[in-house]
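# Here is my input; please provide its structure:
(one chain, ligands or ions: 1)
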Amino acid sequence: MASTMLNSANCSVSGPVKLDYVGLKPSEVPWNVLCVRPRSMTNVPRKQAIVACDKRDDVPAPLKMGMSDEECEAAVVAGNIPVAPPIPPKPLAPAGTPVVPSLPLSRRPRRNRRSPALRAAFQETSLSPANLVYPLFIHEGEEDTPIGAMPGCYRLGWRHGLVEEVSKARDVGVNSIVLFPKVPDALKSSSGDEAYNENGLVPRTIRLLKDKYPDLVIYTDVALDPYSSDGHDGIVREDGVIMNDETVHQLCKQAVAQARAGADVVSPSDMMDGRVGAIRAALDAEGFQHVSIMSYTAKYASSFYGPFREALDSNPRFGDKKTYQMNPANYREALVEAHEDESEGADILLVKPGLPYNDIIRLLRDNSSLPIAAYQVSGEYSMIKAGGVLKMIDEEKVMMESLLCLRRAGADIVLTYFALQAARCLCGEKR
Ligand code: PBG
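Next up, the predicted model:
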């Protein structure tokens, strides 16, 4: 067997080198699997990783110090001990430090946090660009329009800005997006029929993206609010009641239209009862057995959605969404929703908002074997951005910590407006 050591600083080969040494070659493994780069390969693009192979040309000659192993051992046995650095002195405490007997602790958890290498070794949770889903706002315009309440986010032109943004995201390993359309007022109606127009903004955009990037994973939002003249996720009866089963009928048509255009995952965010099962049946009936359903299982009636509703101009024209979205005070109820969605055939269970609802993410993680998604919503994003702009917090560090916390709580994937920025951080790039 080859005995080769890699020096992580430059990857030069040191130690005894035999003929059957292990060399290095670039491979198509994702960049974040390994991050050592040999001196001879400093021109290898970042995304390539280095793995062992059995061939290498630039072998350094074995080091020859003049003595055999036997001679070295004999010297030590005879008492001629080679010189090594002395035992290091104990570091001094600053003047004034009280002298106290050490606490009789058998466990000192700080031992495992002593150095960056130990901390990295014992890190329990990780975050990778592959875990991120990038929500993108689209509109019919040619230009990208900034969203006031969400600094750094735009309503992207579906043909230009969107395509560029997707390309940037893919460059740093984010290959999943979710689309949210800003629909012209003239196309909105009380029954939201534009939602299943095969040539509407969303299906048209899906077709364009799939044509350009066939392997892009496209999630869609299934709900009537961007298409509803009432700004509600369902059809509103004259007494203000949101009609459940009639809305589900529309949602099925919407999901099928999105699947037909090429959507990979349809995501009902409406919170109507029974929609997952109905959508599953509708997709299957049309031959879309392969299209997944990510159900917004525990979607709370949250004030953290404010900036999003501004972005899409989708504020409810009256009332609130409390008869369908969940009460933020409720915990057990999330299990009722989760059991329903699971039995109706959901592929992924989503919790929304994210950070303030970390307990719900953990609850679903511990009670379901399905993948869990967390949605870090617009209000969470905007608060971190605002805090950063005002120099009250370190935006980048808080961003990364918030995403890691969602993962720690049990989310497999995180929908976040920070997806591109965070992935760039993970790839070691600055904005
Ligand atoms: C509506 C929908 C909303 C969000 C995603 N889909 C808003 C709402 O329920 O009013 C919010 C996302 C965010 O705030 O980032 N179906």
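
# Tell me where the stretch 251-400 of the chain has helices.
Secondary structure of the stretch 251-400 of the chain by DSSP state H, counting those that start in this stretch: the helices cover 275-285, 306-312, 332-344, 358-367, 378-389, 395-409.

# could you redo these as CSV and give each row mean neighbour count, mean pLDDT and distance to S189?
The way it works is simple: take the backbone N, C-alpha and C, and place the C-beta from them, glycine included. Putting the helices of the stretch 251-400 of the chain into CSV (neighbours: other Cβ atoms under 10 Å; pLDDT from 0 to 100; distance: least, Cβ to Cβ, whole Å) gives the following:
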stretch, mean neighbour count, mean pLDDT, distance to S189
helix 275-285, 21, 98, 20
helix 306-312, 19, 86, 16
helix 332-344, 17, 98, 28
helix 358-367, 19, 98, 34
helix 378-389, 19, 97, 25
helix 395-409, 19, 98, 36
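
# For D171, which of those is the nearest?
helix 395-409 (18.7 Å; Cβ to Cβ).

# returning to what we had before: can you lay out the helices of the stretch 251-400 of the chain as TSV showing distance to the ligand?
As requested, the helices of the stretch 251-400 of the chain are exported to TSV (distance: least, Cβ to the nearest ligand atom, whole Å):
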stretch	distance to the ligand
helix 275-285	12
helix 306-312	3
helix 332-344	15
helix 358-367	16
helix 378-389	3
helix 395-409	14
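
# Give the full set of residues in contact with the residue in the chain sticking out farthest from the centre.
Farthest-out residue of the chain from its mean C-alpha position, per Cα atoms, centre = their mean: A78, at 61.5 Å. A78 sits next to no residue when contact means Cβ atoms under 8 Å, 6 or more residues apart in numbering.

# So it versus the ligand, what's the distance?
Counting by Cβ to the nearest ligand atom, to the nearest Å, the gap from A78 to the ligand is 75 Å.

# what stretches of this protein score poorly on pLDDT?
1-64, 430-431 (pLDDT under 70).

# Who's the closest spatial neighbour of the residue most central in space within it, skipping the chain neighbours?
In the chain, the residue lying closest to the centroid (Cα atoms, centre = their mean) is L132, at 2.0 Å. Of all residues not flanking L132 in the chain, A419 sits nearest, at 4.2 Å (Cβ to Cβ, 6 or more residues apart in numbering).

# Next one: that neighbour from the ligand, what distance?
Separation of A419 from the ligand (Cβ to the nearest ligand atom) stands at 12 Å.

# pretty sure that residue is in contact with L136, am I right?
No - the criterion here is Cβ atoms under 8 Å, and A419 misses it with L136 at 9.2 Å.

# Find the closest residue to the ligand in the stretch 1-150 of the chain.
P135 (6.6 Å; Cβ to the nearest ligand atom).

# Report the beta-bridge partner residues of the closest residue to that residue other than its chain neighbours.
Leaving aside its chain neighbours, P135 sits nearest to V178 (4.8 Å; criterion: Cβ to Cβ, 6+ apart). Using DSSP bridges, the bridge partners assigned to V178 are P135, Y219.

# and V178, what does it touch?
If you count contacts by Cβ under 8 Å, 6+ apart, V178 has them with 133-136, 218-221, 267, 415.

# and this protein, which residues reach the ligand?
Applying Cβ under 6 Å from any ligand atom, we find that the chain lies next to the ligand at 221, 223, 225, 233, 269, 305, 308-309, 321, 377-378.
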